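Engineer: One predicted model, sequence on top.
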Amino acid sequence: MPVSRLRGVVGIGVDRFGDAADAAAGPELLRLENLDTDVRPAAAALAATRAAIDDDAANSYLPFPGSARLRAAAAAHVSRLAGVDVDWQRQTLICAGGLNGILNVLLTLLEPGDEVLIAEPAYVGLLNRIRLAGGVPIGVPLVPSETGWTLDLDALERAVTARTRVMLMMSPSMPTGCVHGRSDWEAIARLCRDHDLWLVHDAAMERILFDGRVVVAPAGLEGMADRTVVVGSASKELRLIGWRVGWVVAPSAIVGEIGLVAISNVVCQVGIAQTAVAAALEAGDEDVALATAEWERRCDVVLDELAGLPVLPPHGGWSFLLDVSAPGHAAADASALLFERGKVAATPMVGWGGHPAQYVRFVFANEPAERLAGLGARVRLAVGAA
């Protein structure tokens, strides 16, 4: 029997289809199973990485909280988006990727049995980290429609109990691509203030927005600067996946405690990657906007290809869900059929919270638009009929 902290912790399913795709290695196979992208990082970030190899200061455990330049860049980034003043010396830590930062924060904030509200379907890696930190994930439904997903605000309010300690929110969310608008964030903020809750904002994709949507940073809303922890990542917006760097911006009162967890966990972030991430953050929004335009173009191609199928369009991010229950499939079976018949690697949403066993996730960020053309025929061949 597993120890108690592992109860409910499950695999994410991506590796199964990723391993199968690696073994198949056919050029006709579409790699839509993993949250990757072939859009290259900014040239300045690549140049900084190469230079760091010869920088002795980059080959060290120290400083534990991260380099001064990167901490200052992360503080300036959050300050600009949220319209708040962040003191980089007292409010920032650098971590080994965004999810490492989220686990460190949850370990800091949660007592065993504390409840964490999270919108579902949700990335199973987030659900697993809540459980590993001793928390209890409480799913709040994202409501599907032909135009996309929306957060059920009434259900969110009903979900708050005396055991609720944290709201963990991501926008655009993954896997759905749901984007919280200002009214959603205002409702989340009101509940946090009224019930004295922490908001952990997973900001990994906050600038990857489609159809002219704009960033709403919850840390800048009334009364939220002292109860919001922002966890950012270089992996998505900046396309620095293998660099394994993220940042935590938090009220100064808990930064020291998060730091203690951090040095007891992964110890430190990747030294040779920090200057690259700093350079990418310092560049502002233009590079991210160009990458987002390309991802949106790919998304539009896929949505056109799948027109008429029960696709739930994303409003941002890198992925969307296809409902395979209408033609009579379970998600795991549909993913197998897509792989075998359609030469499409896609991940079933088994264990991803809510009722996602009827959904298969497609990542559109990792294949050029030219290769995505024809996806509709492949999907219809594989799962278009029972």
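Structural biologist: Nice, I can see it.
Engineer: Skipping its backbone neighbours, what lies nearest Met174 in space?
Structural biologist: By the measure of Cβ to Cβ, 6 or more residues apart in numbering, the closest residue to Met174 outside its immediate chain neighbours is Tyr123, 5.0 Å from it. Placement of C-beta: from N, CA and C, glycine included.
Engineer: Below-threshold pLDDT in the stretch 251-386 of the chain: ranges please.
Structural biologist: When residues are selected by pLDDT under 70, those of the stretch 251-386 of the chain lie in 355-356, 385-386.
Engineer: Do a quick rundown of the helices in it.
Structural biologist: Taking DSSP state H, counting those that start in this stretch as the criterion, the stretch 251-386 of the chain contains helices spanning 252-263, 274-282, 286-305, 331-342, 369-372, 375-383.
Engineer: just to revisit the earlier point, give me the phi and psi angles of the residue nearest to Met174.
Structural biologist: phi -60, psi 130 (degrees, to the nearest 10).
Engineer: returning to what we had before: tell me which of the helices of the stretch 251-386 of the chain lies nearest to Lys236.
Structural biologist: Comparison of these against Lys236 by Cβ to Cβ identifies helix 286-305 as nearest, at 9.5 Å.
Engineer: quick one: contacts of the closest one?
Structural biologist: Outside helix 286-305, the residues that touch it by Cβ atoms under 8 Å, 6 or more residues apart in numbering are 37, 39, 42, 207-211, 237-239, 280, 311, 313-314, 318, 320, 362, 364-365, 367-369, 372-377, 379.
Engineer: Ok, stretch 28-39 next?
Structural biologist: Defining contact as Cβ under 8 Å, 6+ apart, one finds that stretch 28-39 is touched by 14, 17-18, 21, 174, 236, 239, 241, 291, 294-295, 318-319, 343-347, 361-368, 371-372, 375, 378.
Engineer: Report the distance from that stretch to the chain centre.
Structural biologist: Taking Cα atoms, centre = their mean, to the nearest Å, one finds stretch 28-39 lying 16 Å from the centre of the chain it belongs to.
Engineer: List the buried residues for that stretch?
Structural biologist: By neighbour count with 16 or more other Cβ atoms under 10 Å, stretch 28-39 contains the buried residues Leu29, Leu30, Arg31, Leu32, Glu33, Asn34, Leu35, Asp36, Thr37.
Engineer: again, but for stretch 374-386
Structural biologist: In stretch 374-386, the ones that count as buried by 16+ other Cβ under 10 Å are Leu375, Gly376, Arg378, Val379, Arg380, Ala382, Val383, Gly384.
Engineer: What of stretch 335-344?
Structural biologist: Of the residues in stretch 335-344, those buried by neighbour count under the rule 16+ other Cβ under 10 Å are Ser335, Ala336, Leu337, Leu338, Phe339, Gly342, Lys343, Val344.
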